[in-house]
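Participant: below is the sequence, then the predicted model.
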Amino acid sequence: MLRHFLYGLILSAKRACPECPVEIKPMKLLSESARHLGLRLNEEHLRAFEIYYRELVAWNEKFNLTAITDYDQVQIKHFLDSLTCLLADEGLTRAICQQPGVRVIDVGAGAGFPGLPLKIVCPGLQLTLLEATGKKVGFLEHMVSRLGLAGVEVIRGRAEELGRDAAYRERYDLALARAVAELSVLVEYTLPFCRLGGLFVAQKGAEGDAEAKAAEGAMASLGGVLRCIVHLELSNLDKPRSLVVVEKIAPTPEKYPRRPGIPSKRPLKSQRSKVSKSQSSKASQ
Ligand code: SAM
């Protein structure tokens, strides 16, 4: 209680005098929890996360960016959860993210999760944050400049459109998405961005296995294949979390992604089942 009261005072002071230096709180919970994941966050990282937290909460008063604003909850449910992307495929994603110049796209980034926390920890990433909503894009641009991050492009747009743009199509080593859509829809948003041999990592909950199974047809149609599902067991996260890892093994056919709104209206799996239904009814005539 006392900590929240004091924190409220600091925030009000910061708002009253935006340029005044403010004592940086330690992000202790994040630091300790990340250590359990084998990630050592240094002072610079923690300072960046602290600034991120403050800006998120301040902007959230004007725009609805997140329902999670409690200091500890943000550390775990946004920051730590984003960093768990580094645990996919026995640390393969961590190795990828630590290579300088690796190209990563976060599709439906919202207030920046998981892309921005990853960029803070792996500064060599060339990161694209794609987001459809203008106010969220405004926040992302503000955060990138506030944190002084180089090599981050913020784009306002829809995945269905940007995925057809030659400057972005099949250009990324890694695509990421959290809480954007069901997997059979999501693969149509993300796989067009992945280069051959690139990966798409979807952050999911307990539904990861069932969605992955249901999306296998959609993955195949888009040039992908399910590589693995990582079940995360983190004592701090109250709900089960999973990472569904899809590998791009063939170019995505030109007809994908379909027009904006069509992937969510008619996910590829249901198209496939419609086709097979009509084929089977023809076959039985
Ligand atoms: N990834 C963030 C997170 O986990 O906090 C945001 C999740 S929010 C529930 C989903 C976001 O995806 C929204 O901000 C929405 O505008 C964006 N989005 C949904 N469909 C999209 C699309 N087709 N192209 C780009 N952004 C999209």
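Facilitator: On my side now, so go ahead.

Participant: contact residues of the stretch 1-150 of the chain facing the ligand?
Facilitator: Applying the criterion CB under 6 Å from any ligand atom, the portion of the stretch 1-150 of the chain that neighbours the ligand consists of 108-111, 113, 130-133, 136. Every residue, glycine included, has its C-beta placed from N, CA and C.

Participant: ok, now with 8 Å
Facilitator: Among all residues of the stretch 1-150 of the chain, those adjacent to the ligand (criterion: CB under 8 Å from any ligand atom) are 66, 78, 82, 106-114, 130-133, 136.

Participant: look at Leu127 and tell me its secondary structure.
Facilitator: strand (DSSP: H, G, I helix; E, B strand; the rest coil).

Participant: quick one: which helix or strand includes Ile229?
Facilitator: strand 224-232 (DSSP states H and E).

Participant: next, the buried residues of that strand.
Facilitator: Buried residues in strand 224-232, counting neighbours by 16 or more other CB atoms under 10 Å, are found at 224, 226-227, 229-230, 232.

Participant: near the ligand, which of these show up?
Facilitator: Taking CB under 8 Å from any ligand atom, there is no overlap between the buried residues of strand 224-232 and the neighbourhood of the ligand.

Participant: and the strands in the protein, which stretches?
Facilitator: Counting by DSSP state E, the chain has these strands, from start to end: 103-107, 126-131, 152-156, 172-178, 194-204, 224-232, 241-248.

Participant: same list, these, but as CSV with mean pLDDT please.
Facilitator: Written out in CSV, the entries for the strands of the chain read as follows (pLDDT from 0 to 100):
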stretch, mean pLDDT
strand 103-107, 98
strand 126-131, 98
strand 152-156, 98
strand 172-178, 97
strand 194-204, 97
strand 224-232, 96
strand 241-248, 97
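
Participant: okay if I get those as JSON lines plus distance to Ile120?
Facilitator: Formatted as JSON lines, the entries for the strands of the chain read as follows, by distance: least, CB to CB, whole Å:
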{"stretch": "strand 103-107", "distance to Ile120": "13"}
{"stretch": "strand 126-131", "distance to Ile120": "10"}
{"stretch": "strand 152-156", "distance to Ile120": "11"}
{"stretch": "strand 172-178", "distance to Ile120": "14"}
{"stretch": "strand 194-204", "distance to Ile120": "17"}
{"stretch": "strand 224-232", "distance to Ile120": "20"}
{"stretch": "strand 241-248", "distance to Ile120": "19"}
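
Participant: indicate which one of those is closest to Ala48.
Facilitator: Closest to Ala48 of the strands of the chain, according to CB to CB: strand 152-156, at 12.7 Å.
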